[in-house]
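1. dropping the sequence and predicted coords here.
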Amino acid sequence: MVQTILIYSMGEVIGDGLIKLPFIAGLRAAFPDARISWCAAKGETVYAGPLKAVVAGYVDEVFLEGANGAKPRDSLPWSKPFGGRKFDLVIDTQENLRRGGVARRGAAGRFVSAAREARRQDWPVAVTDRLARLLALATDGRGAPKPLALTNPDALKAAELLLPTGATYVGLAPGAGGQDKRWPLENYLELAHRIVARDWTPVFFFGPDEAEDAAIAAREVPLALQPERNRTDGLPVKGPLLVIALAGRLAAGVANDAGPGHMLAAGGAPLLSLQQDRRKAVKFRPAAARLEMLVAEDYGSSMGALPVDAAWAALEKLVSGAA
């Protein structure tokens with residue numbers, strides 16, 4: 001019986017952490033009673049920060065310190081990774097063989113290695129598919145990625161109050177870390193107008209540094225909601241936890257290749273992902289249960305080349321539930 005599990009990684013920034021959530025949910029479903037530990041060998045992971053509340057109940061502890069493989073000397077025989085602890089199952093999600101050797105030293109039982117699987121010709125390109133392969137190997141084919149089910153009562157209540165039952169909500173997340181990854185705001189506004197014309201309700205998601213865009217959207221589409229900015233619930237929930245909770249009440253969402261898109265996917269929203277680069281679109285595709293993607297490279301050299309009509313057709317398909 002597997003009672004203790006160690007997931008080994010180098011660490012996670014927000015995008016990495018969100019992509020891995022279905023893997024974490026699938027692991028917990030396969031081993032509901034096991035203690036799951038997560039090692040971020042380089043000492044940083046969003047599971048100990050912005051996503052800590054999101055993975056509560058899924059990950060029981062996080063290792064951030066110790067000689068856990070980040071440095072070459074951690075491989076020396078007298079080094080004691082993970083404080084000398086052993087685990088019934090170790091899943092090594094990173095692909096470096098030397099560090100994989102450190103991870104293996106924590107295994108008292110089964111060891112599943114991405115570093116080893118990556119040498120196979122059929123190793124998938126997409127990160128989500130790689131994690132699914134590791135999960136299947138760790139469970140003899142019984143386990144598979146699953147949507148994350150939030151259990152935080154404040155988050156669920158806030159989402160219910162901010163997006164009450166009765167409307168068809170469509171999320172729009174115009175932000176991205178770089179301007180070159182952003183579909184023009186005016187295109188999102190055009191989608192919002194079309195959403196209103198269909199008697200659906202557009203829901204904008206803007207980051208803390210996007211107040212100017214938020215003001216433009218409020219002025220141009222007054223029927224649209226901005227639940228993160230116009231709080232009426234009074235509950236102490238914010239950030240990724242709130243976005244993921246709200247995503248669970250959306251009929252679909254549209255987002256650039258950025259953190260908000262991964263949050264909408266993690267919350268279970270069918271997602272239209274607007275990507276700039278096809279190679280990255282394949283490798284880092286959002287882990288949405290239902291996904292449509294448009295890639296700027298297929299239309300021209302910039303995100304502005306993505307046509308509104310193509311985005312609207314894909315969005316209608318998602319909202320209608322068409323296969």
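-> Nice, thanks for sending it over. Numbering: from 1, shown residues only.
2. ranges for the strands of the stretch 201-323 of the chain?
-> For the stretch 201-323 of the chain, the strands defined by DSSP state E, counting those that start in this stretch occupy 201-204, 252-256, 271-275, 291-295.
3. mind listing what residue 33 touches?
-> residue 3 (C-beta atoms under 8 Å, 6 or more residues apart in numbering). Using the backbone N, CA and C atoms, a C-beta is placed for each residue, glycine as well.
4. kindly recompute the last result at 10 Å.
-> If you count contacts by C-beta atoms under 10 Å, 6 or more residues apart in numbering, residue 33 has them with 1-3.
5. give me the domain ranges for this protein.
-> The chain breaks down by automatic domain parsing into domains covering 4-138, 153-320.
6. quick one: terminal-to-terminal distance for the first one?
-> When the termini of domain 4-138 are compared using C-alpha to C-alpha, to the nearest Å, they are 13 Å apart.
7. among the contacts of residue 33, which one lies nearest to residue 91?
-> Using C-beta to C-beta, residue 2 is the member of the contacts of residue 33 that lies nearest residue 91, at 11.0 Å.
8. helix/strand/coil for the closest one?
-> What DSSP: H, G, I helix; E, B strand; the rest coil gives for residue 2 is coil.
9. surely it is in contact with residue 140?
-> No - in this structure residue 2 lies outside contact range of residue 140 using C-beta atoms under 10 Å: 11.3 Å.
10. quick one on the thing from earlier: columns distance to residue 146 and mean pLDDT on top of the domains of the chain, output as a markdown table?
-> Converted to a markdown table, the domains of the chain look like this (distance: least, C-beta to C-beta, whole Å; pLDDT from 0 to 100):
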| stretch | distance to residue 146 | mean pLDDT |
| --- | --- | --- |
| domain 4-138 | 4 | 93 |
| domain 153-320 | 9 | 93 |
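11. now the common contact residues for residue 2 and residue 140.
-> Contacts common to residue 2 and residue 140, judged by C-beta under 10 Å, 6+ apart, are 30, 110.
12. compare these two and say which is more crowded by neighbours.
-> Taking other C-beta atoms under 10 Å, residue 2 and residue 140 do not tie; residue 2 has more neighbours (16 against 9).
13. please name the residues that touch that one.
-> By C-beta under 10 Å, 6+ apart, residue 2 lies in contact with 30-31, 33-35, 87-89, 109-110, 138-139.
14. in the stretch 201-323 of the chain, which spans are helices?
-> 211-220, 239-247, 259-266, 278-283, 308-320 (DSSP state H, counting those that start in this stretch).
15. deepest-packed of those helices, please.
-> The highest mean neighbour count among the helices of the stretch 201-323 of the chain, using mean count of other C-beta atoms under 10 Å, belongs to helix 259-266: a mean of 28.
16. and that one, what does it pack onto?
-> Using 3 or more C-beta pairs under 10 Å, 6 or more residues apart in numbering; DSSP states H and E as the contact test, the elements touching helix 259-266 are helix 14-19, helix 21-30, strand 169-173, helix 239-247, strand 252-256, strand 271-275.
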